[in-house]
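**Q** 3D model of this:
(2 chains)
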There are 2 protein chains.
Amino acid sequence: MTAAPPKLARDAFREDVRPEDAAAVRALAAATGFFSESEADIAEELVLERLRLGEAGGYFFLFADAGDGPAEYALAGYACYGPTPGTNGCFDLYWIVVAPDGQGRGLGRGLLAAAEDRIRERGGRKVIVETSSRPLYAKTRAFYDKTGYLAEAVIADFYDAGDAKIIFTKTLG
Amino acid sequence: MTAAPPKLARDAFREDVRPEDAAAVRALAAATGFFSESEADIAEELVLERLRLGEAGGYFFLFADAGDGPAEYALAGYACYGPTPGTNGCFDLYWIVVAPDGQGRGLGRGLLAAAEDRIRERGGRKVIVETSSRPLYAKTRAFYDKTGYLAEAVIADFYDAGDAKIIFTKTLG
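**A** Numbers count the residues shown, from 1 in each chain, chains lettered A, B, ... in the order given. The predicted model follows:
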């Protein structure tokens, strides 16, 4: 059994996006060892897209800052979500990343709960998260299992032969 | 039982994309009655994206021309496909549309078979098509059923409450 997640204040995360976040997000993704270079590119690109287009671009962020100022600008973690194109009420959780030294301390759960709150406020009915069936992602899958997500669908041989996409979903109450 | 689809020549469809195709694709989507205004917008946008970025944009087309010249420029049907981002060997079939007066004559099957050929040539292992569970799309689902696609996954309440996404896939031999 795991303890209940710590209650983080609703304003515990920063929602405004700064130019420095592009590089910080890339560094964070690289530090975890979970993401390929091209995935880190995409993480950075979504920040740049948000800076270019604002909220109209459909990407929303929650940042957990680390460090004390620009001189040591870094992120302890972040989440990126947005309305699923072509749907009325589904939201994709595109990224949720926690720095290696911050894992196991409730930050991931805090980011996830805050993202779900924001999605509910924006009229979302359902959250969708996609992940891989590879052993590397066992902890990721366990994280969604224990936070109330259902592995609703599987597409075999998706990312590559033998590497399925697992689509976790949660219907928001 | 349905008869085998007519054998269409591999060069039966046009692959180069012309500026006139943007409006023609929109008109075709509207004529079918299957697509909303915002879906027709997306269909047109993919043509414009292809014209801007070329093949690097990741959208490929097969057009079945109708009419005899620019004065009556129109499409009998078209397909749009491309590599699924983040995957090694999956391809999305984004659109396959046949004009109402051309339906039931094998054009849809011809476009689908030609798209699968091209996907194979481009190194694709698997084709993915998404459609809705709504009664309006019963013929669409039947089309994929009889062309060798498997309803591999379902996401309930996706497009809207009560409107699921059905993910059809086909592994290419």
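
**Q** from here on, contacts and neighbour counts on C-alpha atoms
**A** OK.

**Q** so what's the nearest residue to A:Ser133 once chain neighbours are set aside up against?
**A** Nearest residue to A:Ser133, sequence neighbours excluded (Cα to Cα, 6 or more residues apart in numbering or on different chains): A:Ala164, at 5.2 Å. For A:Ala164, the contact set (Cα atoms under 8 Å, 6 or more residues apart in numbering or on different chains) comprises A:132-134, A:154-158.

**Q** try 6 Å this time
**A** Applying Cα atoms under 6 Å, 6 or more residues apart in numbering or on different chains, we find A:Ala164 in contact with A:132-133, A:155-158.

**Q** Now do the host helix or strand of A:Arg50: which elements does it pack against?
**A** In the assignment (DSSP states H and E), A:Arg50 maps to helix A:37-53. Counting contacts by 3 or more Cα pairs under 6 Å, 6 or more residues apart in numbering or on different chains; DSSP states H and E, helix A:37-53 is packed against helix A:20-32.

**Q** what sits up against the helix it packs on?
**A** So helix A:20-32 is contacted by A:40, A:44, A:47, A:74, A:100 (Cα under 6 Å, 6+ apart).

**Q** cool, and stretch A:166-173?
**A** A:125-132, A:149-154.

**Q** Inside strands: which ones of the contacts of A:Ala164?
**A** Taking DSSP state E, the ones among those that sit in strands are A:132, A:155-158.

**Q** got a winner among these for most neighbours?
**A** A:Phe158 (25 neighbours; other Cα atoms under 10 Å in any protein chain shown).

**Q** Contacts only, for that one.
**A** A:164-165.

**Q** Kindly recompute the last result at 10 Å.
**A** By Cα atoms under 10 Å, 6 or more residues apart in numbering or on different chains, the residues touching A:Phe158 are A:132-133, A:164-166, B:84, B:86-91, B:125-128.

**Q** For chain A, which residues are neighbours of chain B?
**A** A:38-39, A:42, A:84-91, A:125-128, A:152-161, A:163, A:165, A:167-169, A:171 (Cα under 10 Å from any Cα of the partner chain).

**Q** Low-confidence stretches in chain A?
**A** Chain A contains residues with pLDDT under 70 at A:1-11, A:67-72.

**Q** A:Trp44 and A:Ala29, how far apart?
**A** Rather than Trp, residue A:44 is Glu. 9 Å (Cα to Cα, to the nearest Å).

**Q** Comparing those two, which residue is more hemmed in?
**A** More crowded of A:Glu44 and A:Ala29, by other Cα under 10 Å: A:Ala29, with 27 against 19.

**Q** what about that one, distance to A:Glu39?
**A** Using Cα to Cα, we find A:Ala29 at a distance of 8 Å from A:Glu39.

**Q** The helix holding A:Arg50 versus helix A:20-32: what angle between them?
**A** Angle of helix A:37-53 versus helix A:20-32, following axes from the mean of the first three to the mean of the last three Cα atoms, to 10 degrees, is 160 degrees.

**Q** how about helix A:37-53 as CSV, C-alpha atoms only?
**A** Included here for helix A:37-53 are C-alpha records, laid out as CSV according to Å, rounded to 0.1, in the frame of the first residue of the first chain:
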residue,chain,number,x,y,z
GLU,A,37,16.6,12.9,-28.4
SER,A,38,13.7,13.2,-30.8
GLU,A,39,11.3,13.1,-27.9
ALA,A,40,13.2,15.8,-26.1
ASP,A,41,13.0,17.8,-29.3
ILE,A,42,9.2,17.5,-29.2
ALA,A,43,9.0,18.5,-25.5
GLU,A,44,11.0,21.6,-26.3
GLU,A,45,9.0,22.3,-29.5
LEU,A,46,5.7,22.3,-27.5
VAL,A,47,7.1,25.0,-25.2
LEU,A,48,8.1,27.1,-28.2
GLU,A,49,4.7,26.5,-29.8
ARG,A,50,3.1,27.8,-26.7
LEU,A,51,5.4,30.9,-26.6
ARG,A,52,4.5,31.6,-30.3
LEU,A,53,0.7,31.0,-30.2
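
**Q** Need the ones in strands among the contacts of A:Ala164 in TSV (columns: distance to B:Gly33).
**A** Putting the ones in strands among the contacts of A:Ala164 into TSV (distance: Cα to Cα, whole Å) gives the following:
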residue	distance to B:Gly33
A:Ser132	37
A:Ile155	30
A:Ala156	33
A:Asp157	34
A:Phe158	32
